[in-house]
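how would this look folded up:
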Amino acid sequence: MRFRPSSHVLFWLLEATLIGGHFAYPDLPHHVGQVMFWLGIFGLVLWLLAHLGAFDRLPFMARFSGHAPAPTRDTKISEAIAYICYLDWGKSFLMAAGDNPPTEAVEALKSFRQAAADGHVQIWGKVVHGDVYEPIDADYWRSYQIEWFSLLRGQTITEPAVVGVKRGSEYVDLMVSKSQIEAVWPRKRRKIRLQKPWTVKDA
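Below you'll find the model as predicted:
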């Protein structure tokens, strides 16, 4: 089995080099050793603050410290599926289903369901006639799917996806976390052409 050091191991190796190098290599110029030492101390302070949660609003630092914030329920699922088609926000599922080849919206929906079943995307919904959102387990999506026409209407509901599954466990008003969606399907990059008039084009 090949050993692959994590970012934490690399961090402590770097810290040992910076702080310990000041003492282990006396031949180093004094000012170089001082810079290495204080960089190491600065790194330790940042590490401590990160593990105390001071940087939880910064995604990279939150992941490094193990304090990644819980996903926020802030996006309608129809908007998320449209985003997967365009890799950009501001489009509706109705537009995605009409503008793209028919198979593209279908494949986006299949990809989304698989990500939900794998636990990469958290989906929230309300039970039928319910008022409170609740997280839907990943295993649910192995037997259920989002009803296509409900996405077109903008009033989403789930339906059985396999034969033999009884109705009665449907969810409505499905929501997701925008940050999770962008993490699984990174946003399309934009580039600026250095010419007049200034234009922004999709990469």
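
In the chain, where is pLDDT below threshold?
Residue ranges of the chain with pLDDT under 70: 1-8, 22, 51, 53-69, 100, 102, 189-203.

What ranges does it have for its helices?
7-24, 30-51, 59-65, 77-86, 93-99, 102-117, 148-153, 178-184 (DSSP state H).

Can you say which of those is packed in most?
helix 77-86 (a mean of 22; mean count of other Cβ atoms under 10 Å). For every residue, glycine as well, the C-beta is placed using N, CA and C.

Could I have the CA atoms of stretch 79-97 written out in CSV?
Extracted C-alpha coordinates of stretch 79-97, given in CSV (Å, rounded to 0.1, in the frame of the first residue of the first chain):
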residue,chain,number,x,y,z
GLU,A,79,-32.5,25.9,-10.3
ALA,A,80,-29.8,23.5,-9.3
ILE,A,81,-30.6,21.1,-12.2
ALA,A,82,-30.6,24.0,-14.6
TYR,A,83,-27.2,25.1,-13.2
ILE,A,84,-25.8,21.6,-13.9
CYS,A,85,-26.9,22.0,-17.5
TYR,A,86,-25.3,25.4,-18.0
LEU,A,87,-22.7,25.5,-15.2
ASP,A,88,-24.0,28.9,-14.5
TRP,A,89,-26.8,30.3,-12.4
GLY,A,90,-29.8,32.4,-13.4
LYS,A,91,-31.5,29.8,-15.7
SER,A,92,-34.7,27.9,-15.1
PHE,A,93,-35.2,24.2,-15.6
LEU,A,94,-37.9,25.0,-18.2
MET,A,95,-35.2,26.9,-20.2
ALA,A,96,-32.7,24.1,-19.8
ALA,A,97,-35.2,21.4,-20.9
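
from the middle of its chain, how far away would it be?
Stretch 79-97 sits 17 Å away from the centroid of its parent chain (Cα atoms, centre = their mean, to the nearest Å).

Same list, the helices of the chain, but as JSON lines with distance to residue 138 please.
Listed next are these as JSON lines, based on distance: least, Cβ to Cβ, whole Å:
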{"stretch": "helix 7-24", "distance to residue 138": "26"}
{"stretch": "helix 30-51", "distance to residue 138": "29"}
{"stretch": "helix 59-65", "distance to residue 138": "21"}
{"stretch": "helix 77-86", "distance to residue 138": "15"}
{"stretch": "helix 93-99", "distance to residue 138": "22"}
{"stretch": "helix 102-117", "distance to residue 138": "6"}
{"stretch": "helix 148-153", "distance to residue 138": "20"}
{"stretch": "helix 178-184", "distance to residue 138": "13"}
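
For residue 133, which of these is the nearest?
Closest approach to residue 133 among those (Cβ to Cβ): helix 77-86, 12.0 Å.

The residue of the chain most remote from its centre: what's it in contact with?
Centroid-distance maximum for the chain: residue 27 at 47.3 Å, with Cα atoms, centre = their mean. Not one residue lies near residue 27 by Cβ atoms under 8 Å, 6 or more residues apart in numbering.

Show me how the record splits the protein into domains.
Listed by automatic domain parsing, the domain ranges of the chain are 7-65, 75-184.
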